[in-house]
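[1] sequence first, then the predicted structure, then my questions.
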Amino acid sequence: MEATAWYLEEGDIEVGLRFAEELDRTFDRIATNPLAWTHLERGIRRALVQGFPYAVLYCVEAERVEVFAVMHQRRHPDRWER
């Protein structure tokens, strides 16, 4: 993942590992209760990664969750569509 690689390449391995762990926890929270997170538009939802300026954008389809992006929150909101 690009964000994890960025943290690791910047020389702070501990931060990169914490980010990866928190991202895993975010995925677990989404899987446990996918409809609990903020609905943006057209079925797209956003879950924030705690302690980091990132969000997971996803949608719920029948019996599965499809992740579209893990995106820095300062990026333009439409960037994930590209």
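    Yep, it's here.
[2] which residues are in contact with stretch 22-30?
    1, 3-4, 36-37, 47-52, 54, 56, 58, 65, 67, 70 (C-beta atoms under 8 Å, 6 or more residues apart in numbering). Just so you know, the C-beta spots here come from the backbone N, C-alpha and C atoms, and that holds for glycine as well.
[3] average pLDDT across it?
    For stretch 22-30, the mean pLDDT works out to 96.
[4] which parts of this structure are strands?
    38-41, 44-49, 54-61, 64-72 (DSSP state E).
[5] adding mean neighbour count, distance to E9 and mean pLDDT, write those out as a markdown table.
    Output for the strands of the chain, formatted as a markdown table (neighbours: other C-beta atoms under 10 Å; distance: least, C-beta to C-beta, whole Å; pLDDT from 0 to 100):
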| stretch | mean neighbour count | distance to E9 | mean pLDDT |
| --- | --- | --- | --- |
| strand 38-41 | 10 | 30 | 88 |
| strand 44-49 | 18 | 19 | 94 |
| strand 54-61 | 18 | 16 | 93 |
| strand 64-72 | 15 | 15 | 90 |
